[in-house]
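Colleague: next come a sequence and a model predicted from it.
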Amino acid sequence: MADVPTADSGKNKLPAKGVLGKSTKKRLGVRVDMTPMVDVAFLLLIFFMVTTVFRRPLAMEVNLPEPDAKVEVPESNVVSIYVDKDESMFVKAGKAGIEPITWQDLRPNLEAAEAENPDTIFLVKIHRQARYEPMVDMMDMLEDAGLDRFSMVPMKDRDIQALESAR
């Protein structure tokens, strides 16, 4: 709390006369005790530290294969998704031909392919000149759909030629 120390000598002195005969009062120093304020500040700090919920950063774990790894997969178990540089999308399921597809139709088609064959592997081929955003959207969509077996690779020249012929 605030306390006001006063000096009491026990003698009655007359106040000193100042300018124009007015009496001047002796100023007393005021001392404010800061301990309760510091206690409250630390209690609030501890309260907010204890009650705050920390969230882990939203990041996707990506497993990279070994550099020399070769995996043989039957073509009937592969669904290829092509994202061209103009962000148009195409899909090729197994040995079927390449067909155009929209973002709205993509997820139901992929979920149906997964339900039909649980061993389906999704291969996302993205043009090197495509923006980064479609790749992130594709990864988010696959993860939200619960499709955890997918690979992402850049398009090769033969894929670009196959897309041109499918248009």
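Modeller: Cool, got the structure. Residues are numbered from 1 along each chain as shown.

Colleague: ranges for the strands of the chain?
Modeller: When secondary structure is read from DSSP state E, the chain shows strands at 2-3, 31-32, 78-83, 89-93, 99-101, 121-126, 150-154.

Colleague: who wins for proximity to Phe54 among those strands?
Modeller: Proximity of the strands of the chain to Phe54 was assessed by CB to CB; the nearest stretch is strand 150-154, lying at 30.1 Å. No exception for glycine: its C-beta is placed from N, CA and C like everyone else's.

Colleague: show me what the closest one is packed against.
Modeller: For strand 150-154, the contact count by 3 or more CB pairs under 8 Å, 6 or more residues apart in numbering; DSSP states H and E identifies strand 121-126, helix 132-144 as packing neighbours.

Colleague: coming back round to it: export the strands of the chain as a markdown table, with columns for mean pLDDT.
Modeller: A markdown table is the format used below for the strands of the chain (pLDDT from 0 to 100):
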| stretch | mean pLDDT |
| --- | --- |
| strand 2-3 | 57 |
| strand 31-32 | 84 |
| strand 78-83 | 84 |
| strand 89-93 | 85 |
| strand 99-101 | 84 |
| strand 121-126 | 85 |
| strand 150-154 | 80 |
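
Colleague: which other helices and strands does the longest helix along the chain contact?
Modeller: The helix spanning the most residues in the chain, taking DSSP state H as the definition, is helix 35-51. Packing contacts for helix 35-51, counted by 3+ CB pairs under 8 Å, 6+ apart, involve no helix or strand.

Colleague: follow-up on the earlier one: want to throw the strands of the chain into a markdown table with mean neighbour count and distance to Glu72?
Modeller: Putting the strands of the chain into a markdown table (neighbours: other CB atoms under 10 Å; distance: least, CB to CB, whole Å) gives the following:
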| stretch | mean neighbour count | distance to Glu72 |
| --- | --- | --- |
| strand 2-3 | 8 | 83 |
| strand 31-32 | 9 | 80 |
| strand 78-83 | 21 | 11 |
| strand 89-93 | 20 | 18 |
| strand 99-101 | 14 | 26 |
| strand 121-126 | 19 | 12 |
| strand 150-154 | 14 | 14 |
